[in-house]
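S.K.: coordinates for the following, if possible.
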Amino acid sequence: MCISKNEIEILRELGKKYMQYASLPIQKKKINLWKALNRSQMQRPMVVIDQLPWNELNTNGELDCVIKDEFWRNIEHGLRKSIYKWENIPVDMVLDPFIVIPKMIHNSGYGIAISEQTLETDHTNSVVSHQFNNQIRTDEDILKIKDMVITYDEEKTLLLYEQAKVIFEGIAPIVLGGGVGFHLGIWDHLSLLMGIENIYFDLIDRPEFVHAVLNRITDSTLAGIRQVNQLNISNNISNTSHCSYIYTDELLPDSGKCLNFTTKGGWAFSMAQLFSSASPQTTAEFEVPYINKLAENFGMMYYGCCERLDDRLDIVKKIANVKKISCSPWSNKANFAENIGNKIILSNKPNPSFLAESSFDENVIRRDLTETYQIAKANGVNLEFILKDISTVKYDAKRLNRWAEIAMSVVEN
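M.R.: Numbers count the residues shown, from 1 in each chain. Now for the predicted structure:
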């Protein structure tokens, strides 16, 4: 075991603190609230905070990792982040009462490495701006997109699993992670391989070329899905999909209690964010036919991220197995709530820029959350708030604490 006694003790102490929180009765209460929302019978709106600017939050060193081995350092990192969130901004997060050891799986991806330039970093040397080079310019370039190849090292996985049981003996149950989770946003991937401006020109000038690219990358993804199902390694014990908690009677009725490890037994998520600057007809032609081929392989789908979708809800609601749709700050909330219906959950994304201003205005935050809640209630809509994509809080972690307090006061009152 490539980990020292001191490092083992660090993991054990983190495991104790994690399990102290994960064993609290409130975890079951939160699971039941999420299940009610996810069956479209909301008891109250649910709240999540995720995708944090971790480089700005480590003011006391509690997020500093000390373990040298990469695998166990990742376990340490995950425990530290979960503990931090629970102690500071828990809102409606759920901690499963076990420690997950991920399966050793390799996904070859699409066979093309990203080519980019870093345009800007901040004072911590974190990258804040990129430019991506176009690597798919010709019909021959399309052939660079290879079928995904999924491999599972079961022997190494079981070795790590046994080591974890020794490390956390008497502290926490150890559970093998489900395995592969699918980000089906093929346009996000293509944006990194082609550059967004180049894609916009091709959509106008060479639509048949774009369809050829989409067919190839969709086939590649389908190859990966088939292999995951053959190996029975879909990541179905994960309790979130795209930051949203996904406990459901049909797929994940309780912590770790998935029904199977095929993709039909779990969730996937997708989006086409660059189409915010394109017409709804572009979404209908260049997104829906391809995402449907992928989405039909999953039990449920979370769709959308930062793009505007209220002007094309009639289109995205037709995506196979869609259960939650993202209402970003660029969507018209009233139009969204009037048209989503009471079966699909409105997954509202409060504007993270409210935490990034030079001054922190609590009234703006409360007004925004209250307005969204009232609009959803007036239309009989099931609602969740997910504050994410938080690039900065101006190195003031208290802003997150206050946002959490305000949000919970809105949904609980």
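
S.K.: okay, CA-based contacts and neighbour counts for the rest of this
M.R.: Fine.

S.K.: touching stretch 285-292 from outside, list them.
M.R.: 184, 211, 214-215, 218, 270, 272, 315-316, 319-320 (Cα atoms under 8 Å, 6 or more residues apart in numbering).

S.K.: can you rerun that using 6 Å?
M.R.: 319-320 (Cα atoms under 6 Å, 6 or more residues apart in numbering).

S.K.: pull out the buried positions in that stretch.
M.R.: Residues of stretch 285-292 classed as buried by neighbour count (16 or more other Cα atoms under 10 Å): 286-288, 290-291.

S.K.: how about stretch 93-101?
M.R.: For stretch 93-101, using 16+ other Cα under 10 Å, the buried residues are 93-101.

S.K.: distance between the ends of it?
M.R.: Stretch 93-101 has an end-to-end distance of 20 Å (Cα to Cα, to the nearest Å).

S.K.: and for stretch 321-333?
M.R.: 23 Å.

S.K.: doesn't residue 20 make contact with residue 97?
M.R.: No. Between residue 97 and residue 20 there is no contact under Cα atoms under 6 Å: 9.0 Å.

S.K.: now do the strands in the stretch 301-413 of the chain.
M.R.: Applying DSSP state E, counting those that start in this stretch to the stretch 301-413 of the chain gives strands spanning 322-327, 345-348, 383-387.

S.K.: ok, so what distance separates residue 49 from residue 401?
M.R.: Residue 49 sits 10 Å away from residue 401, going by Cα to Cα.

S.K.: ah, wrong one, I meant residue 359
M.R.: For residue 359 relative to residue 401 (Cα to Cα), the value is 15 Å.

S.K.: neighbour-wise, which of the two wins?
M.R.: residue 401 (16 against 9; other Cα atoms under 10 Å).

S.K.: contact partners for that one?
M.R.: residue 89.

S.K.: hmm, try it at 8 Å
M.R.: With Cα under 8 Å, 6+ apart, residue 401 has these contacts: 88-89.

S.K.: got the buried residues for stretch 235-249?
M.R.: By neighbour count on 16+ other Cα under 10 Å, the buried set for stretch 235-249 is 235-239, 241-248.

S.K.: can you check stretch 14-22 too?
M.R.: 14-16, 18-19, 21-22.

S.K.: how about stretch 277-284?
M.R.: In stretch 277-284, counting by 16+ other Cα under 10 Å, buried: 280, 283-284.

S.K.: residue 400 contacts residue 89, doesn't it?
M.R.: Yes. Using Cα atoms under 8 Å, residue 400 makes contact with residue 89 at a distance of 6.9 Å.

S.K.: skipping its backbone neighbours, what lies nearest the residue most central in space within the chain in space?
M.R.: By Cα atoms, centre = their mean, the chain has its centre lying nearest to residue 242, at 2.2 Å. Nearest residue to residue 242 in three dimensions, chain neighbours excluded: residue 269, at 6.4 Å (Cα to Cα, 6 or more residues apart in numbering).

S.K.: which SSE is that neighbour in?
M.R.: strand 267-270 (DSSP states H and E).

S.K.: against which helices or strands is that strand packed?
M.R.: Packing partners of strand 267-270 (3 or more Cα pairs under 8 Å, 6 or more residues apart in numbering; DSSP states H and E): strand 240-241, strand 300-303.

S.K.: quick one: strands adjacent to the longest one?
M.R.: On the basis of DSSP bridges, the sheet neighbours of strand 300-303 come out as strand 267-270 (parallel), strand 322-327 (parallel).

S.K.: check the secondary structure at the spatially closest residue to residue 33 that is not a sequence neighbour for me.
M.R.: Nearest in space to residue 33, with sequence neighbours left out and distances taken as Cα to Cα, 6+ apart, is residue 43 at 6.6 Å. Look at residue 43: counting by DSSP: H, G, I helix; E, B strand; the rest coil, its state is coil.

S.K.: start at 22, not 1
M.R.: With the count now opening at 22, the last piece we talked about shows up as residue 64.

S.K.: any idea of the pLDDT on residue 64?
M.R.: Residue 64 is assigned 98 on the pLDDT scale.

S.K.: quick one: contacts for it?
M.R.: 54, 57-58 are the contacts of residue 64 under Cα under 8 Å, 6+ apart.

S.K.: just residue 121 next, same as before
M.R.: So residue 121 contacts 195-198 (Cα under 8 Å, 6+ apart).

S.K.: about what we covered before: just give me the closest of the buried residues of stretch 256-270 to residue 160.
M.R.: Among the buried residues of stretch 256-270, residue 263 lies closest to residue 160 (Cα to Cα), at 33.0 Å.

S.K.: any idea how far the closest one is from residue 345?
M.R.: Residue 263 is 10 Å from residue 345, by Cα to Cα.

S.K.: again with residue 163
M.R.: For residue 163 relative to residue 345 (Cα to Cα), the value is 32 Å.

S.K.: check residue 210 too.
M.R.: Taking Cα to Cα, one finds residue 210 at 21 Å from residue 345.

S.K.: these two: who's more crowded?
M.R.: residue 345 (26 against 16).

S.K.: how close does the residue lying closest to residue 254 once chain neighbours are set aside sit to residue 57?
M.R.: What sits nearest to residue 254 in space, not counting adjacent residues and going by Cα to Cα, 6+ apart, is residue 200, at 4.9 Å. Distance of residue 200 to residue 57, computed by Cα to Cα: 27 Å.
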